[in-house]
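Asker: The following comprises the amino acid sequence and a computationally predicted model.
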Amino acid sequence: METTSLVGFWLMNILYAALIVLVGRVVVKWLVKLSRKLMVRSNLDPMLINFLSVIANAVLMLFVLIAALDQLGVDTTSMIAVLGAAGLAVGLALKDSLQNFAAGVMLVMFRPFKIGDFVDAAGVMGIVEHISIFNTIMKTGDNREVIVPNGQIYSDTITNYSARDTRRIDMSFGIGYGDDLLKAKNLLTEIVTGHEKVMADPAPVIRVSELADSSVNFDVRPWVNADDYWPVRSELIETIKLAFDENGISIPFPQMDVHLDKPEN
């Protein structure tokens, strides 16, 4: 009789444990689905949504399994302690990876840049091609693929050249003290304002900035669309140099005079 009762007791516990697992799976699936909908409504990155959904499903199922084992009479307190110690050990071993993961989550959530942006991050300048949880892939100007850990990016200064629709081109040109200053200024104004891709508003700034040791320096600062920055900059520099040459305006450059003493006989 006692044996029959014991068998019945264990069968009931096993049945309850199985029921906990089955019902728990349904509840976990519903909760994960609900959380995905909430994250989609919050406009989170799809990659982050998938990752967080997997983590949430694993954590919730772990609680379900612990509840089922507890129903079977297993000492879950010691199991939780073992899992906690194992988690701590894994965390210490994967400290750098976890740092990159945390930084990846922050990058995806706060979006200091997006795919296709031209950025300077962690000492690498290039176009962002892919953002993952652990690293970011960038393509440099000479077509190299650079994989940068997210931890390095988020802990350093990020310069996003694509974040604004317009950019200012900062250039400096020097002329000789003997050259016609007003003529040079008029030439600069004519060339800059005449370029089809230079914006009229904000208006370009062209002014004398410095009376240097060997030149009178001009600051030339036109505004352009961000995509036109480098082509317009190169075109303006070339056009200004040719115009100065045609109009007899010199661009001083550093020179060194070498004096040789003749040896005495």
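Answerer: On my side now, so go ahead. Residues are numbered from 1 along each chain as shown.

Asker: Pull out the buried residues from the helix or strand hosting Val108.
Answerer: According to DSSP states H and E, Val108 maps onto helix 95-110. Buried residues in helix 95-110, defined by neighbour count with 16 or more other CB atoms under 10 Å: Gln99, Asn100, Phe101, Ala103, Gly104, Val105, Leu107, Val108. Where C-beta positions appear, they are placed from N, C-alpha and C, glycine not excepted.

Asker: Please render those as TSV that adds pLDDT to the earlier fields.
Answerer: TSV is the format used below for these (pLDDT from 0 to 100):
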residue	pLDDT
Gln99	80
Asn100	82
Phe101	80
Ala103	85
Gly104	82
Val105	79
Leu107	84
Val108	78
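
Asker: What residues does Asn217 make contact with?
Answerer: Counting by CB atoms under 8 Å, 6 or more residues apart in numbering, Asn217 touches Ser172, Phe173, Gly174, Val208, Ser209, Glu210, Leu211.

Asker: For PyMOL, write the select line for the buried members of the residues you listed.
Answerer: To isolate the buried members of the contacts of Asn217 in PyMOL, using 16+ other CB under 10 Å:
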select buried, resi 173+174
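
Asker: Show me which of the contacts of Asn217 is closest to Ser250.
Answerer: Of all those, Gly174 has the smallest distance to Ser250: 9.1 Å, by CB to CB.

Asker: Number of residues surrounding the residue lying closest to that closest one once chain neighbours are set aside?
Answerer: Leaving out its chain neighbours, the residue that sits closest to Gly174 by CB to CB, 6 or more residues apart in numbering is Ser215, at 3.3 Å. Using other CB atoms under 10 Å, Ser215 has 19 neighbouring residues.

Asker: need the helix or strand of this protein with the lowest average pLDDT.
Answerer: Here the helix or strand of the chain ranked lowest by mean pLDDT, DSSP states H and E is helix 76-93, holding a mean of 59.

Asker: returning to that earlier point: now the helix holding Val108, how far from the chain's geometric center?
Answerer: Averaging C-alpha positions (CA atoms, centre = their mean, to the nearest Å) puts helix 95-110 12 Å from its chain's average.

Asker: need the strands for the chain, in chain order.
Answerer: Remark: strands assigned in the chain by DSSP state E are 118-121, 124-131, 135-139, 145-149, 158-160, 166-168, 171-175, 205-211, 216-221, 223-225.

Asker: Show me the shaky parts of the protein.
Answerer: 1-10, 45, 47-48, 51, 74-97, 254-265 (pLDDT under 70).

Asker: how's it carved up into domains?
Answerer: Domain ranges of the chain: 2-93, 114-160, 166-246, per automatic domain parsing.

Asker: and of the ones you listed, who's closest to Pro252?
Answerer: Nearest of the domains of the chain (CB to CB): domain 166-246, 4.3 Å.

Asker: wait, which of the contacts of Asn217 is closest to Thr193?
Answerer: For the contacts of Asn217, the nearest to Thr193 is Phe173 (15.4 Å; CB to CB).
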